[in-house]
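Asker: Give the three-dimensional model of this entry:
(one chain, ligands or ions: 1)
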Amino acid sequence: MIRQFELVERVKAYDPSADEDALNHAYVFAMKAHGSQTRASGDPYFSHPLEVAGILTRYKVDSASIITALLHDTIEDTDTDLHEIRDRFGGEIARLVDGVTKLTRIEFQSDQAKQAENFRKFVLAMSEDIRVLLVKLADRLHNMRTLKYIKNQGKRRCIAMETMDIYAPLAERIGMQEMKSMLEDLAFGELNPDARKSIIKRLDFLRDQGEGLIQRVIVELTRVLAENGITAKVSGREKTPYSIWRKMQHNNVGFEQLSDIMAFRVVVDTVEDCYQTLGVAHNAYPVVPGRFRDYISTPKPNGYQSIHTGVFGPEQQRIELQIRTTEMHDIAEHGVAAHWSYKQGSEDDDHPQYRWLRELLDILEHAAGPEEFLEHTKLEMFQDQVFCFTPRGDLVDLPRGATPVDFAYKVHSEVGDRCVGAKINGRMMPLRSELRNGDQVEIMTSKEQTPSPTWERFVVTGKARAKIRRFIRLQERNQYEQLGRSILQRAFRDDGYEFSDKAIKGVLKVFSQPSVEDLCAQIGAGHFTGIEIVEAVYPGVCKKREDENVIPLARARNCQAKVQPGEPSDGIPIKSLIPGMAMHFAGCCHPLPGDRIVGIVTTGKGVTIHTIDCDTLETYSDTPERWLDVSWDTYEQAAEIHVGRIHLTVLNVPGSLGDLSTVIAKNEGNISNLKITNRSSDFFDMLIDIEVRDVNHLTDVIAALRANPAINSVDRARG
Ligand code: MN
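Answerer: Sure thing, here's the model as predicted:
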């Protein structure tokens, strides 16, 4: 156990101004509070907070963090309460201890929803002060080191998994590389002990074989650099068993020689020296292609800086070099803890750590549910980065696979919402294009543009996805509400009643809806039918309806029968509904403007539009409450493109397919899909999807096709 004066001395060594009395006070207080409690290992409980404090001194954190470490389990595990901590140690310490206690209380569980909700709370708790996370990571490191004393294997696994999934990535995100490696390796040892053992065995073997190799490389590198006037500290480092394991899983390769798992670090004084070292190394040894990375000019999001390169080194072994200054090295190992000026302590925008937390919080505010949130954050935590530039030369870092839409949202939410196109390196490119390192991206915007539901399919950043989903949700809700209102009006009118908000206010409770708007949205989404509502308001109506034997199917057919293009109809107009949200066109019959149509309400999906003679409708004949009378309303726009499907039989002779497409093109149709369903020696049977304006347009195309001698028969495909 670290003795009291030892701990104080360690802190004083790097922070002479540290509050010695407070440290002593916390030491004694925590020791007394934990009293005779013991840990699973049999050690006195106090050894744990003390070790946690000891771990943190290695990161040279401020004395408030050290004191928090000493006190971190007193609230959870002893009689002490937060008031007492505040009285004795002040508000700052009380806040930190409270934060750590909150994190401790949040137990991650396998249940996805609960885990996500907890992670959300977790981010909130640590976002208040990054020191909370530092103490928690040190706490977790010590718990992992003593994991073997826990008897219950299930519990051990659970803790190890949590470490792997949550704590190690968090450590990496705040730049604590060393902490991350230690946590991962300890968790790996619990989760896959056999794999870890075999890798260690292989490492030992290679080390024996290449006896002295590492040392010889170090000496040789140091000499070559010195000859060129560079003073450098060269060291060799083996990758951890876990990172080797990951590499083997990822690249599906084994490791042949020690250099495959070695990285040599060259630590120099200045940035100029870094680039000079690079030059010297590339001069002295053949370069391994594709390994060069300059994280000095473009640091990683967690602040990591270094130059990476690969060369065939002094003994013709492939080696990896990491070139950096002393300061960069310190930050690479200790991350956030290395350059934290806690005393000034305020929000410093230049710390990438804060930027990351802010992004997480932003997603958190706009995500609908906890699962969505977890999905975003997991996405963000594990993806590689690409670096792009704005036309003004500002750097924008994005996860690999990001598109101009992600770029736009990263620059500003409003730019994302309004983007209509993108120039990549000066050329107009589709919004779905994947961005590459070094691309210059210029986003075109328009005030009229709104996020498109299709963007969701190709964006990769959490922020873009969250914003798009949020927009779609709003839009969808509006549409469902509008649709629901129309359905209700219709249902009331059909039974001879007048619809009003007032009429249904009285039955909101029956359907557990807080407002008329909510109820309408639920009806639009297909969770309730209009008839159900009418029945609730005027009990007995349905019975009456059955007696009269009026079924909606017949009504739908009746009222659609007379509708012609251009004529107003009394069906619910679908023009106001955006395809893909509250309304979908059926894939079986491909309705076109001018077709007689009917809507089928599907739970959770809104309305699917079918032509009135579609065969699929049979399926719904015994659920008349799903049928909805819809119309193309005024039908003058026609600017929109619709897809019609035709079935045709063509003579199997040379040139007939060419004839076919010529006829369609001449009639301004555009073939969007073609499928041969049957092929005999004489004929082809095929289905063709054609983009047309409306049903008249399609009729023209069909007529022209029928006039062609090579074409045996043409019909519209029905269901
Ligand atoms: Mn603890």
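
Asker: Show me what from the stretch 451-600 of the chain comes close to the ion.
Answerer: Not one residue of the stretch 451-600 of the chain sits near the ion, judged by Cβ under 5 Å from the ion. C-beta: built from backbone N, CA, C; applies to glycine.

Asker: Tell me which residue of the stretch 451-600 of the chain lies closest to the ion.
Answerer: Gly462 (30.7 Å; Cβ to the ion).

Asker: Distance-wise, check that residue relative to Asp394.
Answerer: Separation of Gly462 from Asp394 (Cβ to Cβ, to the nearest Å): 21 Å.

Asker: Looking only at neighbour counts, state which of these two leads.
Answerer: Gly462 (28 against 9; other Cβ atoms under 10 Å).

Asker: mind listing what Thr101 touches?
Answerer: 72, 75-76 (Cβ atoms under 8 Å, 6 or more residues apart in numbering).

Asker: Around the ion, which positions in the chain sit nearby?
Answerer: So the chain meets the ion at 73, 139 (Cβ under 5 Å from the ion).

Asker: can you list the domains in the chain?
Answerer: Using automatic domain parsing, the domain parsing of the chain gives 4-191, 196-337, 352-471, 473-633, 641-716.

Asker: With mean pLDDT added, can I get those in a markdown table?
Answerer: Converted to a markdown table, the domains of the chain look like this (pLDDT from 0 to 100):
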| stretch | mean pLDDT |
| --- | --- |
| domain 4-191 | 87 |
| domain 196-337 | 82 |
| domain 352-471 | 77 |
| domain 473-633 | 75 |
| domain 641-716 | 84 |
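
Asker: can you give me the strands in the stretch 1-150 of the chain?
Answerer: Assigned by DSSP state E, counting those that start in this stretch, the stretch 1-150 of the chain shows no strands.

Asker: mind listing the helices in it by residue range?
Answerer: Remark: helices assigned in the stretch 1-150 of the chain by DSSP state H, counting those that start in this stretch are 4-14, 20-34, 47-57, 63-71, 74-77, 82-89, 91-105, 112-127, 130-145.

Asker: so can I have JSON lines of these showing distance to Thr403?
Answerer: Listed next are the helices of the stretch 1-150 of the chain as JSON lines, based on distance: least, Cβ to Cβ, whole Å:
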{"stretch": "helix 4-14", "distance to Thr403": "46"}
{"stretch": "helix 20-34", "distance to Thr403": "51"}
{"stretch": "helix 47-57", "distance to Thr403": "41"}
{"stretch": "helix 63-71", "distance to Thr403": "41"}
{"stretch": "helix 74-77", "distance to Thr403": "45"}
{"stretch": "helix 82-89", "distance to Thr403": "47"}
{"stretch": "helix 91-105", "distance to Thr403": "35"}
{"stretch": "helix 112-127", "distance to Thr403": "26"}
{"stretch": "helix 130-145", "distance to Thr403": "31"}
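
Asker: from the stretch 551-700 of the chain, which residue is nearest to the ion?
Answerer: For the stretch 551-700 of the chain, Cβ to the ion, closest residue to the ion: Gly604, 45.0 Å.

Asker: roughly how far apart are that residue and His584?
Answerer: Gly604 is 12 Å from His584, by Cβ to Cβ.

Asker: between these two, who's got more neighbours?
Answerer: His584 (17 against 7).

Asker: Next up, the contacts around Asp15.
Answerer: Here Asp15 is in contact with 60, 62-63 (Cβ under 8 Å, 6+ apart).

Asker: what does Val415 give?
Answerer: 408-409, 443, 445.

Asker: which one of those residues has the most neighbours?
Answerer: In the contacts of Val415, the most neighbours by other Cβ under 10 Å go to Tyr409, 29 neighbours.

Asker: surely that one meets Val460?
Answerer: No - between Tyr409 and Val460 there is no contact, the gap being 10.8 Å when judged by Cβ atoms under 8 Å.

Asker: Nice, that's everything, thank you.
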